[in-house]
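Participant: Provided below are the primary sequence and the corresponding predicted coordinates.
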Amino acid sequence: MSYIAVIGAGSWGTTLASLLAEKEYDVSLWAFEKEIVETVRDTGMNSIYLPDVYLPANLKVTGDIEEAVKKSRYILNVVPTQFTRAVFKNAIHYVPENAVIISAAKGIEQGTLLTVSSILKEITGHQTAVLSGPSFAKEVIKKLPTAVTLATEKPDTGLILQEIFNTQYFRVYTHTDTLGVELGGALKNVIAIASGITDGLGLGHNARAALITRGLAEIVRLGGSLGADERTFSGLSGIGDLVLTCTGPLSRNYSVGVSLGKGMKLKEILSATKSVAEGVATSLSAYELSRKQGIEMPIIEQIYEVIYKEKSPVDAVTMLMNRTLKPEF
């Protein structure tokens, strides 16, 4: 069976590595944290990110990037977006020439404003793919029904990867719009922070429904301006992921928003967890991208101001509700 390297041993990376190992693939899970490597080897569990979950005995874990990737036909990146470049600048020296790199990270790099697959392609020059959609790791690891999107530029590669990842509980659909799939996955995290803020402020279900709907409109506008297929945002990696992340308490980004709405400071919120809320960094990238493209994205703009300008969440909501009246479409 194919050698597969999973780079990044957070909850999602560990879950996907476990899924692939259970299918009897030869899988190496690379962890940056030495404590994760030691814990998995000693106990068979990633107690930091997935406590009380035993991982397959055939799943190998390593802190050596060369060991992880040197034999890999497929490399799955699950490193948080802002760290992907640094990790793969090191890894590229050991990546086989025919390796396909799949990204399961959801964000936009600060500064360059690149999606993760674009970062990977720039560094490695390899064929890339994107795995995205509504998928909480803690539900997938329990084998609860989940459906996701696998986007590739080459349909033949997509069919191979579809077979590799698909299980009876993890259904994989193929797509060719990698940009749209990535933008949906990245931007929904910013909208999820906004959704959490509305709930933290106690603004009710009406407000949350309106925010999700108008947030989708912003994502579609930006995606369309960058050349993505607008139909993509009506799929699993678009509205599917958006609804899940904006309403589910397992969402890190939604939880950050709830805490902000309740008056907590961002530094305090982020210091309380090891998990990365990608929407925090992406809010800056998304704001800058909207300005670069000349696209109006008022929700994204207000979240940027709350996070980076310390604007009051109440003032942000007031600003959104008092904007100039206009047609919906």
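Facilitator: Nice, I can see it.
Participant: By mean pLDDT, flag the weakest helix or strand of the chain.
Facilitator: helix 266-271 (a mean of 90; mean pLDDT, DSSP states H and E).
Participant: buried stuff in stretch 51-64?
Facilitator: 53, 55, 59-63 (16 or more other C-beta atoms under 10 Å). For every residue, glycine as well, the C-beta is placed using N, CA and C.
Participant: ok so, going back, going toward the C-terminus from the least confident helix or strand of the chain, what's the next helix or strand?
Facilitator: helix 278-293 (DSSP states H and E).
Participant: And the average pLDDT for whichever helix or strand comes after that following helix is what?
Facilitator: Of the helices and strands lying after helix 278-293 in sequence (DSSP H and E), the nearest is helix 298-308. Averaged across helix 298-308, pLDDT comes to 97.
Participant: Buried by neighbour count: which residues of the least confident helix or strand of the chain qualify?
Facilitator: 266, 269-270.
Participant: Endpoints of stretch 248-257, how far apart?
Facilitator: 12 Å (C-alpha to C-alpha, to the nearest Å).
Participant: Ok, stretch 10-29 next?
Facilitator: From start residue to end residue, stretch 10-29 stretches across 10 Å - C-alpha to C-alpha.
Participant: same deal with stretch 69-77?
Facilitator: 11 Å.
Participant: which residues touch that stretch?
Facilitator: For stretch 69-77, contacts defined as C-beta atoms under 8 Å, 6 or more residues apart in numbering pick out 2-8, 13, 16-17, 28, 30, 84, 87-88, 91, 94-96, 98-105, 116, 120, 131, 161, 164.
Participant: sorry, back to before: so which of the buried residues of stretch 51-64 would you say is closest to A277?
Facilitator: Among the buried residues of stretch 51-64, V53 lies closest to A277 (C-beta to C-beta), at 21.6 Å.
Participant: just to revisit the earlier point, can you list the helices and strands that the least confident helix or strand of the chain packs against?
Facilitator: In terms of contacts (3 or more C-beta pairs under 8 Å, 6 or more residues apart in numbering; DSSP states H and E), helix 266-271 is packed against helix 252-261.
Participant: And the contacts of the helix it packs on?
Facilitator: 189-190, 192-202, 245-249, 266, 269-270, 273, 275-280, 306, 313.
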